Structures are given as C-alpha cells and as structure tokens.
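S.K.: Sequence and computational prediction follow.
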Amino acid sequence: MKVSNITTVTEFILLGIPFLHDLHSVFFVVGMLMYITTIMGNGFILVVVAIEPRLQTPMYLFLSNLAFLEICYTTTVIPKMLQTLVAAQTTICFYCCMTQLYLHFALGGTELFILTAMSFDRYLAICKPLRYPMIMTKHVCIQMSLATWYGGFFILFFQFLILLRLPFCRSNIIDHFYCDIGPLLSLACADTHIIELLGLFSSFIIIIMTLILTMVSYIFIISTILRIPSAMGRKKAFSTCTSHLIVVSILYGALTVMYVRPNMQSSSRITRVLAVLNTALTPMLNPFIYTIRNNEVKEAVRSMIQKKKGFLNNFRMFSRSYGYY
C-alpha cells in the first residue's frame, strides 16, 4: 500500500453532537461544570492521599494513579468537546487529532489496567490477609503502577503508527466531538481491514481480558466474603469492593458496546452517547463513588481539618503573643 505523500488533509472538522444541536448551549454549561468537578474531585483524592499518612497504602496508591489518569483523560477530550458546542465549525490539525486519538486510547487502556490491579489488590487483601503485607509491598505497588501505564501506552503504539501512515484524501469532516477511531477510518483512502483487525484484537486483549481477570478476582472475593461468619465482617468487606464494582460495571459496559465489534467504522447516536458517558460522566463520578462511602477517607479529611484548625489556632496565639493582633 503506497501511502507516502498521499495525505492531503491537514486538518479535520469536528461536528460535535449534531443531532442535539438545539441543546448545545445547555450541554456546554453542563459539560463545563462536569469538567471542573472532575478536576476538583480527582485533585482532592491526590491531595488527601499525599498529605494523610494513613491513606498511603496500596489501595490508595492505585486510586491516586486512577485520579491522576482521569484528570489527563478528560483534559484530552473535554476541552475540545466544549469548543464544538459553542463554535459553528471546530477544526483540529491532523497531528493534533492523531495525538488526541492516541492519548484517548492509551489512557483508556491504562485505566483498565489500573482497575484490574485494584481488583487484584482487593483479592489479596480479602482472600490472603496474612500474606498481603508481604506480597503487596511498596516496591511491588510502584512496579505494578508503572506497568499499568507502560502497558496502556505500549500496546497501542504500533497500531497508532499504522494509523498515522494512512492517507486521508476524502472528506475531512469527523462526525463526532473528538477524534475517535471509527469516524477517522471511514475517511481513509486506503484499505483499513488490517488496522480494524488489529483494533479488534487490541480491544479483546485490553477490554475482555482485563474484564475476565477482574471478574475472576471478584468471584474469589465474593466466595471468601460469604464464608465470613460475622455479618458485620461481611458488610465491611463488601463495602471495600462495592465502589470498585460500580465503576467497573459502568466503564466496561460502555467500552464493550463501543469498541468490541467487527465494524469499527460504523457509528450511531448510541455510541456517541456512550462516548459522553465514558469521557465525561464516569471520570466525574469516580471520586464520589470511591470516597462518599469510604470511612477511611472521611476520617482522613476530618484529621486534615483538625490539623488545619490547630495550625490556625497556634498561629493566632503566636501572633497575639508578639502583638500582631
């Protein structure tokens, strides 16, 4: 396939969500609020875990990785999506579009690996409590965290290089609010069967395999919890896993419908609605899902507030003693 010097498209036009054009102003306000909430919520997790020593455990190390990833993930897509909601015609340069696509999928893959690592961490904590401190050391946690980022960015890299070499000499209009793989392949002037097969294979490896590993972990976790004689013990064990299961269910449900299918070029309204769910709603909900029912985080926040009050009181007493007040 000769592709050199064929690419004539230098920029793409993003249509946004044309079937909801009359509601674009409303969606812009909602999207902006969701983006701000996502940044603040995930940033809050990063700050609390970094400051509070009692939260510097394997589970919260993975949660910090997830929070940082969600900030990067939403920033890759949401600002451009907001622009498509207020501008009559939103353009994005060719290499900017390709970079957005790569980061979107690489960060998405990394998120699935992090969720899988979190499920494995919960499996060890509940099913192997005596061996857990020896297995899940700080060094192992750091290695696992780095492996999730490395895996997410490396697996899709060669597929991205093939996509980068495709010629785009037809229309430059992308019927989406960001550079997704399906709409882009529909604009290519070459045979895309190979990259579609690679995409399906990557989707199977990243989505289906991580889902299977997560489900296997939770089968063992649930069977172990059901054998706990104390009702209070079962409730406490379930509470540490419920939030993670909610996130996994929402995320994997959307991704399976969007990407685990043979014809990647086909696009529908439902896929764009799921894309909004995947790129905006889930990252915003994650901080609330993981913290609202988490007593350890609540206690850590109370401790931070008390420390801050103590510091302010000591500062006032010091100031008064030297006549500043």
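M.R.: Now that the structure is in, tell me what you want to look at. Residues are numbered from 1 along each chain as shown.

S.K.: So T91 lies in a strand, does it not?
M.R.: Yes. Assigned with DSSP: H, G, I helix; E, B strand; the rest coil, T91 falls within a strand.

S.K.: That one and I13 touch, don't they?
M.R.: Yes. Assessed by Cβ atoms under 8 Å, T91 is found in contact with I13 at 5.6 Å. (C-beta placed from N, C-alpha, C; glycine too.)

S.K.: if I pick H244, what's in contact with it?
M.R.: L115, M118, S119, R122, Y290 (Cβ atoms under 8 Å, 6 or more residues apart in numbering).

S.K.: give me the low-pLDDT residue ranges for the stretch 101-250 of the chain?
M.R.: 233, 236-240 (pLDDT under 70).

S.K.: Just give the closest residue to M81, not the sequence neighbours.
M.R.: Leaving aside its sequence neighbours, M81 sits nearest to F177 (Cβ to Cβ, 6 or more residues apart in numbering; 4.4 Å).

S.K.: Can you tell me which of the contacts of H244 is closest to T256?
M.R.: For the contacts of H244, the minimum distance to T256 (Cβ to Cβ) is 14.1 Å, reached by L115.

S.K.: quick one: contacts for the closest one?
M.R.: L66, T210, T214, H244, V247, V248, L251.

S.K.: repeat that for 7 Å
M.R.: Contact analysis of L115 by Cβ atoms under 7 Å, 6 or more residues apart in numbering lists T214, V247, V248.

S.K.: which one among the contacts of H244 gets closest to M32?
M.R.: Within the contacts of H244, proximity to M32 (Cβ to Cβ) peaks at Y290, which comes in at 23.2 Å.

S.K.: Can you tell me the element that closest one falls in?
M.R.: In the assignment (DSSP states H and E), Y290 maps to helix 282-291.

S.K.: picking up where we left off before, pick out the one among the contacts of L115 with the largest number of neighbours.
M.R.: T214 (23 neighbours; other Cβ atoms under 10 Å).

S.K.: Now that one: closest residue in space, sequence neighbours ignored.
M.R.: S119 (4.4 Å).

S.K.: Please tell me how far the nearest residue to P283 once chain neighbours are set aside sits from S64.
M.R.: Nearest residue to P283 in three dimensions, chain neighbours excluded: E70, at 4.0 Å (Cβ to Cβ, 6+ apart). Here the criterion is Cβ to Cβ, to the nearest Å. By it, E70 lies 11 Å from S64.

S.K.: Show me which of those two is the more surrounded one.
M.R.: E70 (24 against 20).

S.K.: starting at the chain centroid, how far to stretch 83-98?
M.R.: Centroid separation for stretch 83-98 versus its chain: 22 Å, with Cα atoms, centre = their mean, to the nearest Å.

S.K.: can you pull the buried residues of that stretch?
M.R.: Applying a neighbour-count criterion of 16 or more other Cβ atoms under 10 Å, one finds Q83, T84, L85, T90, I92, F94, C97, M98 buried in stretch 83-98.

S.K.: pretty sure the second one contacts F12?
M.R.: No. In this structure, T84 is not within contact of F12 by Cβ atoms under 7 Å, at 11.5 Å.

S.K.: coming back round to it: right, and out of the contacts of H244, which lies closest to E296?
M.R.: Lowest distance from E296 to those (Cβ to Cβ) belongs to Y290, with 10.6 Å.

S.K.: Just the pLDDT at that closest one, thanks.
M.R.: With respect to pLDDT, Y290 scores 77.

S.K.: Give me the spatial nearest neighbour of it, chain neighbours excluded.
M.R.: Per Cβ to Cβ, 6+ apart, closest to Y290 is S243, 5.0 Å.

S.K.: same check, this time on D121
M.R.: Nearest residue to D121, sequence neighbours excluded (Cβ to Cβ, 6+ apart): P58, at 5.3 Å.

S.K.: Next: L103.
M.R.: Nearest to L103 is T76, by Cβ to Cβ, 6+ apart, at 4.6 Å.

S.K.: That neighbour: helix or strand, and which one exactly?
M.R.: T76 is part of helix 58-86, with elements assigned from DSSP H and E.
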